[in-house]
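In: What follows is a predicted protein model with its sequence.
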Amino acid sequence: MVNNPFPGPKTGLFSACLATPSGRRYNAALMSSLALPTGRLRPRHLLGIEGLSAEEITLLLDLSESYVEQNRARGAKSTLLRGRTIINLFFENSTRTRTSFELAGKRLGGDVVNMAAEASSIKKGETLMDTAMTMNAMLPDVLIVRHPDSGAVKLLSEKVDCAVINAGDGTHEHPTQALLDALAIRRHKKRLQGLLVAICGDILHSRVARSNIHLLTTMGARVRVVGPSTLMPTAIDRMGVEVFNDMRKGLEGVDIVMMLRLQTERMQGNFVPSVREYFRLFGLDYDKLEVAKSDALIMHPGPMNRGVEIDSEVADDVDRSLIREQVEMGVAVRMACLDLLTRNLLANSGAAT
Amino acid sequence: MRFPPGVVPSKTPGGRGGPAVAYVNARIVDPAAGTVAAGGMVVRDGLVADIGAHLAKAAALSAAGPHGMETIDCGGKCLAPGLIDMRVQIREPGEEHKETISTASEAAAAGGVTTMVALPNTRPVIDDAALVESVARLARETSLVRVHTYAAVTRGLNGKEMTEFGLLAAAGALGFTDATHATVDAQLMRRALSYAKAFGLPLIQHPEEPQLARGAMNEGELSTRLGIPGIPAAAEIIQIERDIRLAELTGGRLHIAHVSTAEGVAAIRAAKRRGVRITCDTAPHYFALNELALTDYRTFAKVSPPLRGETDRRAVVEGLADGTIDAVASDHSPHDQDSKRLPLAQAAFGTVGLETLLPVLLELVHNASLSLPAALALVTSRPAALLGLKEGRLAKGAAADFVVFDPDAPWKVDAKKLRSKSKNSAFDGRLVQGRVHRTVAAGIPVHLEGG
């Protein structure tokens, strides 16, 4: 806080920041190179991919790209979010997504606070609404929320004044995962349009699948979903994808194979009879991969169940597996989202005054 | 029934022991006869003393009627039998923070409803004759309108042991139902249908196979997009088809509550043609809304069975038009904020409906799906016939339970302004037509517009 460009009374610190737009805090070069939407209120939250335009997605990916470079030039820490508070509010266990957001916030110079709601007041019976009000009273700039219920993050966003990023809500959406996947693909294939992507496994319970379907179809990729029919959502074809229940057919000629995690508790629900059978029919191994394009890339949002949905050899194939790179892209994409949303906060409050 | 504050029946025109009163210059809707005609009505002692076209004008009245009788000019508005809402969750006893008999009756009166039939899913559950009597006593002391009740099929709604149908019937129960859940055990359902025949009462079944109905909304494209577990239409159809077989097997009387699917309506239509003793109802949200009301995770539109697709909604309208569906009930289900301001999957099922029953029903008249008398028959004479109630019609000697309303007057539903203690209306913000000016129960005005 030593070099805080907006010194002011402690109580009004954040509102003072918001009310005083200043180019000094922003990377001027970045600002001018990005065609930010103008003339209308910029989105305050990132709750999902559904509804985003191809231009908006491209903007986010381009911005992420610049953060990849910045991150690789180690030590180049930004001060973009200095004085800004980011709260990670996770109602569901997560190590990698939370850490990724935390790192993204810190690399931009923001103050990041982690709230594991699992262990806190939620357990004591506090409702989601009460938690929202409590968080809001702490005047954060960005709330990053993960919740086991679809729609919960949207519900919470309606009760707070800050920006909200959906870090995964139930089986609805996980927008930053789809963005990081798209970034990883684009860096390797130089495009998204026209690619053939197979998303494989438990589509029914996957927010990653839904966000990826929205993003990839919006960007002009062709998407297939492959999995047992019990793990296929009703009317999924209405989301513009082709449905396959056979890996060897579904993977034929694809550029990208995206595997999903099979949650072992699904076994009890009789969605699939056994892990053994699932791996035999839907687990990704070299044998099934043979029908894909020779340069097909393999992705997985993690954490992986080796020997359930993916064979270890395939997962660790340095030439074809993007799994480690996905994690790296995650930090860059989340930096871009934090950057853009805090910029929008400022622009909107400027527009309002 | 209690009376509105300050009202003494013997001093109230139309009330028991009070002077007579004439309602003139009205359009009298006779749902049973299917007619609408200019006319008037004389009310004395809580009963209809006279009704007909000869009472249309105040001048005619003073020549024929008793000297000095008070007259009320209805200004050409409709005068119809008070509504019978055959499916209301009242929440008293046990959940008085959501609704009481008193607050529900105020909502009913404001909506033109003069008879409510309560579901037995209170705490305790209405599964014993003493509890039927205690609800009746509570209603006498606190309700502005008539209250009847169903009794549970099984003790504590446990789905296992049958209640004492005979004693419950004698205490005044109008039928048997496990309320918001289906009676699942087929053998038990068979025996219940069979045993209830002795008392001439129907079994009222919630049409959802519970294993398939474990989702939170209609299964389809929208549930997939929202990531919400869906309930397939088959959950309803399977339950209806099974129960039709059991009704056929036993000869018992089956009533299917709130039908919501095209195929459910079709199954009932076919069963009726075969001569099965089956009736059914639906609720306004199943013909006025579809699943799109849940976009943005609107929990007020989360009801059970769930709002379906547009094809189903149209089939329900068709079922109402061709007579397959016998009645419309509000399915009034009050819930406090803590039960509804939750993520969709966790929120409680149900919408309040007593105050919006009439105007939403009238949408079917305004869009020419039903005639005015036919629409009103669904909430008056037809539920009365199937529950064996003498209310729901206006004739000399009948109880003076009626509603005066303007079928065209527009207004906007504002959930915050509803009289019900809970404000969870699926119709919040809807523009409707049809405004109640006056509701009269047993000759006593229990609701006056603006009063």
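Out: Yep, it's here.
In: rest of the way, CA atoms for contacts and neighbours
Out: Fine.
In: so what's residue 129 closest to, chain neighbours aside?
Out: Here I'm looking at chain A. Leaving aside its chain neighbours, residue A:129 sits nearest to residue A:156 (6.7 Å; criterion: Cα to Cα, 6 or more residues apart in numbering or on different chains).
In: Not quite, go with chain B.
Out: Closest to residue B:129 by Cα to Cα, 6+ apart is residue B:168, at 4.7 Å.
In: so what's the residue nearest to residue A:129 up against?
Out: A:128-129, A:132 (Cα atoms under 8 Å, 6 or more residues apart in numbering or on different chains).
In: can you tell me the helix or strand for it?
Out: Residue A:156 belongs to helix A:152-157 when assigned by DSSP states H and E.
In: now do residue B:316
Out: helix B:310-321.
In: which helices and strands sit right next to that helix?
Out: Applying 3 or more Cα pairs under 8 Å, 6 or more residues apart in numbering or on different chains; DSSP states H and E, one finds that helix B:310-321 contacts helix B:262-274, helix B:284-288.
In: need the next SSE after the first one, C-terminal direction.
Out: The one in question is helix B:262-274. Next in line after helix B:262-274, if elements are assigned by DSSP H and E, sits strand B:278-282.
In: I'd like to check what contacts that next one. Which residues are they?
Out: By Cα under 8 Å, 6+ apart, strand B:278-282 touches B:244, B:247, B:253-260, B:268, B:271-272, B:316, B:324-329, B:386.
In: Could you check which residue of the stretch 101-250 of chain B lies nearest chain A?
Out: residue B:227 (4.2 Å; Cα to the nearest Cα).
In: Which positions in chain B make contact with chain A?
Out: B:219-221, B:224-228, B:296-297, B:341-345 (Cα under 8 Å from any Cα of the partner chain).
In: from chain A, which residue is nearest to chain B?
Out: Closest point on chain A to chain B, by Cα to the nearest Cα, is residue A:172, at 4.2 Å.
In: ok, that residue - contacts?
Out: By Cα under 8 Å, 6+ apart, the residues touching residue A:172 are A:150-151, A:206-207, A:210-211, B:225-228.
In: In a markdown table: those, plus pLDDT, secondary structure and neighbour count.
Out: A markdown table is the format used below for those (pLDDT from 0 to 100; DSSP: H, G, I helix; E, B strand; the rest coil; neighbours: other Cα atoms under 10 Å in any protein chain shown):
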| residue | pLDDT | secondary structure | neighbour count |
| --- | --- | --- | --- |
| A:150 | 96 | coil | 25 |
| A:151 | 96 | coil | 28 |
| A:206 | 96 | coil | 25 |
| A:207 | 97 | helix | 25 |
| A:210 | 98 | helix | 28 |
| A:211 | 98 | helix | 24 |
| B:225 | 97 | helix | 23 |
| B:226 | 98 | helix | 21 |
| B:227 | 97 | coil | 24 |
| B:228 | 97 | coil | 26 |
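In: what pLDDT, on average, does the helix ranked longest in chain A get?
Out: When every helix of chain A is counted residue by residue (DSSP state H), the longest turns out to be helix A:323-352. Average pLDDT, helix A:323-352: 89.
In: For it, name the packing helices and strands.
Out: Against helix A:323-352 (3+ Cα pairs under 8 Å, 6+ apart) you get helix A:13-19, helix A:54-72, helix A:96-107, strand A:163-169, helix A:175-189, strand A:297-299.
In: Look at residue 190 and say how many residues are nearby.
Out: Assuming you mean chain A. 10 (other Cα atoms under 10 Å in any protein chain shown).
In: Switch to chain B, please.
Out: Residues near residue B:190, counting by other Cα under 10 Å: 19.
In: same thing with residue B:375?
Out: 23.
In: got a list of what it touches?
Out: Per Cα under 8 Å, 6+ apart, neighbours of residue B:375: B:31, B:361-362, B:364-365.
In: Turn those into a markdown table, columns for pLDDT, secondary structure and neighbour count.
Out: Below are the contacts of residue B:375 laid out as a markdown table (pLDDT from 0 to 100; three-state DSSP; neighbours: other Cα under 10 Å):
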| residue | pLDDT | secondary structure | neighbour count |
| --- | --- | --- | --- |
| B:31 | 98 | coil | 25 |
| B:361 | 98 | helix | 27 |
| B:362 | 98 | helix | 24 |
| B:364 | 98 | helix | 21 |
| B:365 | 98 | helix | 18 |
